[in-house]
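> Return a 3D structure for these sequence lines:
(2 chains)
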Amino acid sequence: MNRLHFIADKKLLIRQALTSWLLLLLAVFIFTFVALILSTSISNSEIVIGWAFVAVIPFLISGHVFLKRNDYYIKKPSTSIKPNEIILVDETQNISIVDRPQIFNRYFPQFAQRVKSEILERQLKPDMTSLMVTGEGRNPIHVVIYNTQALEIKSAVVTDTLLRAISGYTVELAESIGSKLISEVIVSFSETVSRIEIERTRQRVTLNIRKLQTITELYAKAVTEAEKLNVPTEMKQELVDRLYGQYYNEMEKLVPKKT
Amino acid sequence: MDNEQPAKTVSAKFFDKEIVRLRLISRLYRAFDYLTIYLFILVVYGGAVISDYLLFLLLWSLLGADIKQYSLVSIGFDYARIGLALLFITSAVIHGIISTYSQVMLDIKLSKEGEQT
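Numbers count the residues shown, from 1 in each chain, chains lettered A, B, ... in the order given. From the prediction side, this is the model:
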């Protein structure tokens, strides 16, 4: 039954039923109010009903459109994700973020201030994006890495932070969007990018991006599954945190240790 | 090599049948998607109109004697009942159109993304 799109999200269904009922009730009240006002000046009750009906129709249509656009929330929760949330890694290895500085500060504490000034000074544009995260409504989340030049990272700290950012972003997105709105999490890389070149303590190493992709996909699936579990939120959070820990450990293994 | 050819044909036929079967199931579910919209409208708006009507009836039975003394309030109750009947149908139609439109858009989007199930 969950294959039916309409009833896949039970909470949405309940919201839809409640808001539809509220809207109808409100429209009836407005209709009555308008009809009563008109009845004081128009004696023919049929004309009164006709005009009151015409007056309520725009309200009804705009109400339904508003609710549909708002996913049947009267006030949409602030956890909803915007379609374009971006981490920038430009050609000169400067890392910056657009749209969600709070996450940036969490996962990039050491770069936060530097990047802010970089954005202001150099007026970085989103078309330089190297890591872009998108997600909206029931759409899948896409984590896309492209621009090979931008991923020629020569600093271990930057690499570490980038890995943290990828994992952090995936977790953050999974948490903020909520499982009901996530159909899947996709981590994909452009065709031209097959590896990340890292120079760690003068030793050039290669990070196999396919492994990173596989691990991220597995992790994302695990998080999505964890979110679906019928357990208290605290337990879910703990599980997601554990998964994040495991995920980060796995990602760290991809970067060869200093010999 | 001669022995391999029939095996490949059988395999191809099997996959063709399987693809057709999956597509039929997918289309069946898409048809159900639309049916559930109209079922929802029937249940929710039907329930809403009954509950609202019962609410007005309850108010009238409790306060009817007092309300009759004020003609404007009494007329208001009549308008509310008429409004409920008119707006219930209109609201259900608007809801149906919007839901069907967004379902069509979703189907188009999923088809473009290559979703077969």
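
> Tell me which residue in chain B sits closest to chain A.
B:G83 (3.6 Å; Cβ to the nearest Cβ). All C-beta atoms are positioned from the backbone trio N, CA, C, and that covers glycine.

> any low-confidence regions in chain A?
Scanning chain A for pLDDT under 70 picks out A:1-9, A:76-228, A:240, A:243-259.

> from it, which residue is nearest to chain B?
A:F31 (3.6 Å).

> Would you agree that residue is in contact with B:L87?
Yes. Contact status for A:F31 versus B:L87: in contact at 6.2 Å, counting by Cβ atoms under 8 Å.

> just to revisit the earlier point, give the helix, strand or coil label for the residue lying closest to the residue of chain A closest to chain B once chain neighbours are set aside.
Spatially, and ignoring its direct neighbours in sequence, A:F31 is nearest to B:G83 (3.6 Å; Cβ to Cβ, 6 or more residues apart in numbering or on different chains). Here B:G83 is recorded as helix under DSSP: H, G, I helix; E, B strand; the rest coil.

> Pull up the residues of the stretch 1-150 of chain A that are close to chain B.
The stretch 1-150 of chain A has residues A:3-7, A:13, A:16-17, A:20-21, A:23-25, A:27-29, A:31-32, A:35-36, A:39, A:48-49, A:52-53, A:56-57, A:60-61, A:64-65, A:68 near chain B, with proximity defined as Cβ under 8 Å from any Cβ of the partner chain.

> Sitting in helices, which of these do you find?
A:5-7, A:13, A:16-17, A:20-21, A:23-25, A:27-29, A:31-32, A:35-36, A:39, A:48-49, A:52-53, A:56-57, A:60-61, A:64-65, A:68 (DSSP state H).

> are any of those buried, and which?
Buried members of these, scored by 16 or more other Cβ atoms under 10 Å in any protein chain shown, are A:5-7, A:13, A:16-17, A:20-21, A:23-25, A:27-28, A:31-32, A:35-36, A:39, A:48-49, A:52-53, A:56-57, A:60, A:64, A:68.

> Rounded mean pLDDT for stretch B:69-80, please.
Average pLDDT, stretch B:69-80: 88.

> ok, that stretch near chain A or not?
Yes. Stretch B:69-80 comes into contact with chain A (Cβ under 8 Å from any Cβ), by way of B:72, B:75-76, B:79-80.

> can you put those in TSV and add secondary structure?
Listed next are the residues of stretch B:69-80 next to chain A as TSV, based on three-state DSSP:
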residue	secondary structure
B:L72	helix
B:I75	helix
B:G76	helix
B:Y79	helix
B:A80	helix
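
> Write the ChimeraX selection for whichever of the residues you listed are buried.
Buried subset of the residues of stretch B:69-80 next to chain A, written as a ChimeraX selection, criterion 16+ other Cβ under 10 Å:
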select /B:75,76,79,80
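
> Could you work out the most separated pair of the residues of stretch B:69-80 next to chain A?
B:L72 and B:A80 (12.5 Å; Cβ to Cβ).

> what touches both of A:F31 and B:L87?
Here A:F31 and B:L87 have A:53, A:56 as joint contacts, going by Cβ atoms under 8 Å, 6 or more residues apart in numbering or on different chains.

> so who does the residue positioned nearest the centre of chain B touch?
Nearest residue to the geometric centre of chain B (Cα atoms, centre = their mean): B:I37, 1.2 Å. Residues near B:I37 by Cβ under 8 Å, 6+ apart: A:6, B:96, B:99-100, B:103.

> Just want to check the distance between A:L13 and A:L67.
Distance of A:L13 to A:L67, given as Cβ to Cβ, to the nearest Å: 13 Å.

> repeat for B:R21
38 Å.

> who has more neighbours, these two?
A:L67 (20 against 10; other Cβ atoms under 10 Å in any protein chain shown).

> Next, count neighbours for the residue lying closest to that one once chain neighbours are set aside.
Excluding the flanking residues, the one nearest A:L67 by Cβ to Cβ, 6+ apart is A:T19, at 5.2 Å. Other residues near A:T19 come to 19 when the count uses other Cβ under 10 Å.

> Check B:V104 too.
Number of residues near B:V104 (other Cβ under 10 Å) recorded here: 11.

> before we move on, back to that, isn't the residue of chain B closest to chain A right up against A:F33?
No. Using Cβ under 8 Å as the test, B:G83 is too far from A:F33 to be in contact (9.8 Å).

> Neighbour count for those two, which is higher?
Taking neighbours as other Cβ under 10 Å, B:G83 and A:F33 compare with B:G83 leading, 26 against 17.

> and stretch B:93-103, does that touch chain A?
Yes. Stretch B:93-103 reaches chain A (Cβ under 8 Å from any Cβ) through B:94-95, B:98-99, B:102-103.
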